[in-house]
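> sequence and computational prediction follow.
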Amino acid sequence: MSSSRTETLIEVAMPKMGISVSEGTILEWRKQPGDWIEADETIADVTTDKVDVEIPAPASGRLARIIAERGDTVPVGEPIAEIDAEAKPGEAHPEESAVRSPQSAEPEEAAVSSPQAAEPQKDSGGEPDRSGFVSPVVRRIADKHGVDLEQVEGTGVGGRVRKKDVLAYVEANGGDGQAKPAPVLHSESPYRPEESAVRSPAEVAEAEPVAGERREPMTPMRQMIAKHMLDSRRTSAHCTTIVEVDMSRVAARRAELKEAMKRRGVPLTYLAFVAQATVEALGEFPVLNASVEGEEIVYHDDVNLGIAVALDDGLIVPVIPKAQRLSLEGMAAAIADVAARARAKQLEPDEVHGGTFTITNPGQFGAVLATPIINQPQVAILDLEAIVKRAVVVDGPDGDAIGIRPMTYLPMSWDHRALDGAVAAQFLSRVKARLEGWEVG
Amino acid sequence: MAEMTYLEAISDGLREEMRRDESVLCIGEDIGAFGGAFKVTDGFIEEFGAGRVLDTPLAENAIIGTAVGAAAEGLRPVCEMQFADFISCGFDQLVNVAAKLHYRQGVAVPMVVRLPSGGGFSGGPFHSQNPEAWFLQSPGLRVVAPATADDAKGLLTAAIRDPNPVCYMEHKGLYRYVKGEVPEGEHSVELGRARVAREGEEMSVITYGSAVHLALDAAEELGEDIEVIDLRSLCPLDTDAILASARKTGKVLVAHEATQSCGVGAEVAALVAAEAFEDLDAPVRRLTAPDVPIPFSPPLEQAVLPQLDDMKEACRELLAY
């Protein structure tokens, strides 16, 4: 950016987003060159192959230059933008005030033009003038009611505007006498870059629309899922084995524990029981808690359990590390925690990395059977389907009888490169036996 | 209701619990035949017998240790330190054994240690301390500090019934200075609940123990709209009550007689700064004793302990801010 004005430029770098992340892609710029930015305000959204991250401004100032355009992929630590930290809020952007002489932007004059410094010193009876200091609560009340604090007489120490002063002003003026819809901290620059400057290559290359159709670019998450699923299909020799499970005892145990856990803030789901049974069975069948690398099978000591969480616009698999250490309540709490944070998009990049086995749970949406795709580089994925009451043959007092039981299917897709059908069936039978024999009371 | 002094209310609460529950017993130095250094257990040995009112040698570690064992076996001992200062001799049993037994072995330790604390009577450095912050650094202990006769009884009852070891800070300066209506019979005040001692809009004094009375007197004499929060429990701390008051007034003074560094005031100030920052209209201030031992000399002691004038000045400054 060519400017005759002296600028102190602060570089905005692609931040470190976890140990496993080496680069990020600019999803969107929230600020444009010329915009005023407060320190820590989000200036851009960045996506990694794991999660989306908001980039905070490292300093207050005016966005001087965008280096990485939307869609660009930038290594961690490389610059993506520059902020002019010498700029003042409310001051016109240099681009739109080319008529100014170079001297007009000398620091001392810039300081005088700032609204706070321009105010005449109030008579404060020998005390240092504190009329420029604004406490957090005063700032908040002023913003809420659109009050220009310049207009409020301060009765605090050194002429400071106190909470009671701004409240009295709002009371007297109804908050609208001087109300401004925009934040009063600074006036927004009208400068906007040309539209073409921010159009991504994808938008430019977009096909012409056809009547009766609507085209939308895939979100980065959608593209990532598409790539991972196809890669997995190409990589593993997928095979699916299914067992049927009577969940009566689990249902009974859940009913016993649910209220007490709820009081402790832990929602106890069927998924937690299935996860617990699965993790236990993985201890007996280590080949299912493994990865295939070339011609070797890598066995993992820890069960890092992936839990597939459906989002509005996709899917994410946060990982519960060392799940073998968790009690049932610990498991339930961990699942609730990662699911809630996944939905709130608050996962750290490292939390969706390093899984050794995954459980997916489409049953919550009513499905009864599915053949899931393995989450690479794992060798199996277990699927909890809907629990529905079915008429089944049970042991009655006089031999076989028909009973109504809460039943479910547990399909598991597994990699035939790493194991065979007998092991998959034995593993699932172990999970089934655990769930059907859950201790009650 | 009956009017009692703070001291009588402690006695009344203890007697009531001993009558109600046979597992409650008292243990301490000269608490039996002599009736206690401050006469809290006067007449107890006649009513309950030497089996439940145990006189011990001058060995605080033995008092606390005996109580831990009794509590682990299901009794509810109430230990008396002649002065809170002497708890240092029983510290190991208290902070390493009583506080941690439940965490280590799942064993509840339902015991109370009564700690006559505070200065103002020329007791000097060994008989005037307010050592509550020592215990707040020891997870597993609960700490209460009543300011009124009503709470003196109610908090003692709750402390005896609580399954945790509770340090009960009773301020010697309030023993006969504070009087009030106290419910007769069973009376318990929930641990972890602060009390709005005086409602106000302009600033909050968040305090406990003897400083509650300084704050109330200062508010009256200044005639200002000052809110006074009596914490009553220091652990668990009633964070909701603290934050509600801080958010309402935007100005917080934390006051206590104990020394300043790393004390309750520091904890409350940090909480308010972290959780109520956007509601603050002034810096959070503290009024405490400076970080020095309590002097014998009456003028020096007065200079060290917060006085009414200090409280009024601190309030005036914050109100003017």
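Yes, it's here.

> who's in contact with the residue of the stretch 151-300 of chain B found nearest chain A?
Closest residue of the stretch 151-300 of chain B to chain A, Cβ to the nearest Cβ: B:Asp281 (4.0 Å). (C-beta placed from N, C-alpha, C; glycine too.) Contacts for B:Asp281 were tallied using Cβ atoms under 8 Å, 6 or more residues apart in numbering or on different chains; they are A:Ser135, A:Pro136, A:Val137, A:Val138, A:Arg162, A:Lys163, B:Gly250, B:Lys251, B:Tyr321.

> one more: B:Cys26?
B:Leu14, B:Met18, B:Thr41, B:Phe44, B:Phe48, B:Arg52, B:Val53, B:Leu54, B:Pro77, B:Val78, B:Cys79, B:Glu80.

> chain A versus the last one, what's the distance?
Pointing back at B:Glu80 there. 37 Å (Cβ to the nearest Cβ, to the nearest Å).

> same deal with the fourth one?
Between B:Phe44 and chain A the distance is 40 Å, computed by Cβ to the nearest Cβ.

> could you flag which of the contacts of B:Asp281 are buried?
Neighbour counting with 16 or more other Cβ atoms under 10 Å in any protein chain shown marks A:Ser135, A:Val137, A:Val138, A:Arg162, A:Lys163, B:Gly250, B:Lys251, B:Tyr321 as buried within the contacts of B:Asp281.

> skipping adjacent residues, who's closest to B:Thr56 in space?
B:Ile63 (5.3 Å; Cβ to Cβ, 6 or more residues apart in numbering or on different chains).

> I should have written B:Val78 there, sorry.
B:Val112 (4.6 Å).

> checking my notes, the residue of the stretch 151-300 of chain B closest to chain A in a helix, right?
No - going by DSSP: H, G, I helix; E, B strand; the rest coil, the assignment for B:Asp281 is coil, not a helix.

> pLDDT at A:Ala110, what is it?
A:Ala110 carries a pLDDT value of 40.

> from B:Ala244, how far out is the closest residue to chain B within the stretch 51-200 of chain A?
Using Cβ to the nearest Cβ, the closest approach of the stretch 51-200 of chain A to chain B is made by A:Lys163 at 4.0 Å. As defined by Cβ to Cβ, to the nearest Å, A:Lys163 lies at a distance of 16 Å from B:Ala244.

> also A:Ala323?
Per Cβ to Cβ, A:Ala323 is found 40 Å from B:Ala244.

> wait, what's in contact with residue 317?
You didn't pick a chain, so chain A it is. Here A:Val317 is in contact with A:Gly306, A:Ile307, A:Ala308, A:Val309, A:Val352, A:Gly355, A:Thr358, A:Asn375 (Cβ under 8 Å, 6+ apart).

> please refer instead to chain B.
Applying Cβ under 8 Å, 6+ apart to B:Glu317 gives the contacts B:Arg285.

> tell me the pLDDT at it?
95.

> can I get the strand or helix carrying it in CSV, CA atoms only?
Using DSSP states H and E, B:Glu317 falls within helix B:308-320. Extracted C-alpha coordinates of helix B:308-320, given in CSV (Å, rounded to 0.1, in the frame of the first residue of the first chain):
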residue,chain,number,x,y,z
LEU,B,308,-13.9,2.9,62.0
ASP,B,309,-12.2,6.0,60.7
ASP,B,310,-10.2,3.9,58.2
MET,B,311,-13.4,2.3,57.0
LYS,B,312,-15.1,5.6,56.6
GLU,B,313,-12.1,7.0,54.7
ALA,B,314,-11.9,4.0,52.4
CYS,B,315,-15.7,4.3,51.7
ARG,B,316,-15.4,8.0,51.0
GLU,B,317,-12.6,7.5,48.6
LEU,B,318,-14.4,4.9,46.6
LEU,B,319,-17.7,6.8,46.6
ALA,B,320,-15.9,9.8,45.2
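
> now do it: distance to the chain's middle.
With Cα atoms, centre = their mean, to the nearest Å as the basis, helix B:308-320 stands 24 Å off its chain's centre.

> may I see the buried residues of that helix?
B:Asp310, B:Met311, B:Lys312, B:Ala314, B:Cys315, B:Leu318, B:Leu319.

> equivalent analysis for stretch B:164-183, please.
B:164-175, B:178-180, B:182.

> of these, which belong to helices?
The members of the buried residues of stretch B:164-183 all map outside helices under DSSP state H.

> what lies in contact with the one helix or strand the residue nearest to B:Thr56 maps to?
Assigned by DSSP H and E, B:Ile63 belongs to helix B:60-72. For helix B:60-72, the surrounding residues in contact (Cβ under 8 Å, 6+ apart) are B:25, B:27-29, B:54, B:56, B:77, B:79, B:81, B:86-90, B:92-94, B:97-98, B:101, B:107-111, B:113, B:165.

> in PyMOL, how would I select the buried members of these?
The command below creates a PyMOL selection of those among the contacts of helix B:60-72 that count as buried (16+ other Cβ under 10 Å):
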select buried, chain B and resi 25+27+28+29+54+56+77+79+81+86+87+88+89+90+93+94+97+98+101+109+110+111+113+165
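
> any idea how far B:Leu305 lies from chain A?
From B:Leu305 to chain A the distance is 28 Å (Cβ to the nearest Cβ).

> tell me which element A:Ile26 is part of?
Per DSSP H and E: strand A:23-29 holds A:Ile26.

> after that strand comes which helix or strand?
Going down the chain from strand A:23-29, the next helix or strand is strand A:36-37, by DSSP H and E.

> what pairs with that following strand, parallel or antiparallel?
Counting by DSSP bridges, the strands paired with strand A:36-37 are strand A:61-66 (antiparallel).
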